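> Below: sequence and its predicted model.
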Amino acid sequence: MAPTTFGISRIKLIFHAVKTVRLVNAILRDARVHWFSKLMFMSCIGALGLLLLVPEVASDVTVGLVPVFGPLFDLVGIPTEGGLDWVTVVILATGLLKFFPPQIVGEHYVRIFGHVKQQRPEQLPKG
């Protein structure tokens, strides 16, 4: 039985950008994935990319709603717009993998990342 997305580590997807790009590329080239799923994924990635081109809107709203972020990013030396935008895009992009069949994502994940994280019994799907 092929691995499922339940064992995929979002942290690894975020911190291993090259492998994550290889994973997405492998999934997009896989003939078993329906074209509509690929279209939806790429449309959402395009929309996120568009948000990166207009970062002022997203950062102004976020900094206005949560005033802690502005000084926190200034303390670290990261421009507020850049920090919030890229973090948001990375988190959302990894979540968009749910557009694809979990068995196919798991199969490519194991091939590229080398293993699936261990799960506690309460995390396993019922069935």
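The structure has been received and is ready for your questions. Numbers count the residues shown, from 1 in each chain.
> mind listing the helices for the protein?
Ranges of helices in the chain, per DSSP state H, are 10-15, 17-29, 35-53, 55-65, 69-76, 80-95, 102-113.
> And the average pLDDT for the second one is what?
Throughout helix 17-29, pLDDT has a mean value of 91.
> Make 7 the starting number, not 1.
With the count now opening at 7, the last piece we talked about shows up as helix 23-35.
> can you list the weak-confidence ranges in this structure?
The chain contains residues with pLDDT under 70 at 7-13, 60-92, 121-133.
> can you do 80?
Confidence mapping of the chain against pLDDT under 80 gives the ranges 7-16, 20, 53-97, 99-100, 121-133.
> so what's residue 103 closest to, chain neighbours aside?
Spatial nearest neighbour of residue 103, excluding adjacent residues (Cβ to Cβ, 6 or more residues apart in numbering): residue 111 at 5.5 Å. Every C-beta, even on glycine, is put in place using the N, C-alpha and C of the backbone.
> My read is that the one you found contacts residue 33, right?
Yes - at 6.2 Å, residue 111 counts as touching residue 33 under the criterion of Cβ atoms under 8 Å.
> Can you work out which residues contact both of those two?
By Cβ atoms under 8 Å, 6 or more residues apart in numbering, residue 111 and residue 33 have these common neighbours: residue 103.
> Near the closest residue to residue 117 other than its chain neighbours, how many other residues are there?
Setting aside the residues directly before and after it, residue 117 is nearest to residue 32 in space (Cβ to Cβ, 6+ apart), at 7.5 Å. By other Cβ atoms under 10 Å, the residues close to residue 32 number 17.
> Could you check how far residue 32 is from residue 115?
Residue 32 is 9 Å from residue 115, where distance means Cβ to Cβ, to the nearest Å.
> ditto for residue 22
To residue 115, residue 22 is 11 Å away according to Cβ to Cβ.
> the more surrounded of those two?
Taking neighbours as other Cβ under 10 Å, residue 22 and residue 115 compare with residue 115 leading, 27 against 15.
> isn't that one right up against residue 16?
No - the criterion here is Cβ under 8 Å, and residue 115 misses it with residue 16 at 11.3 Å.
> any idea how far residue 106 is from residue 112?
Taking Cβ to Cβ, one finds residue 106 at 10 Å from residue 112.
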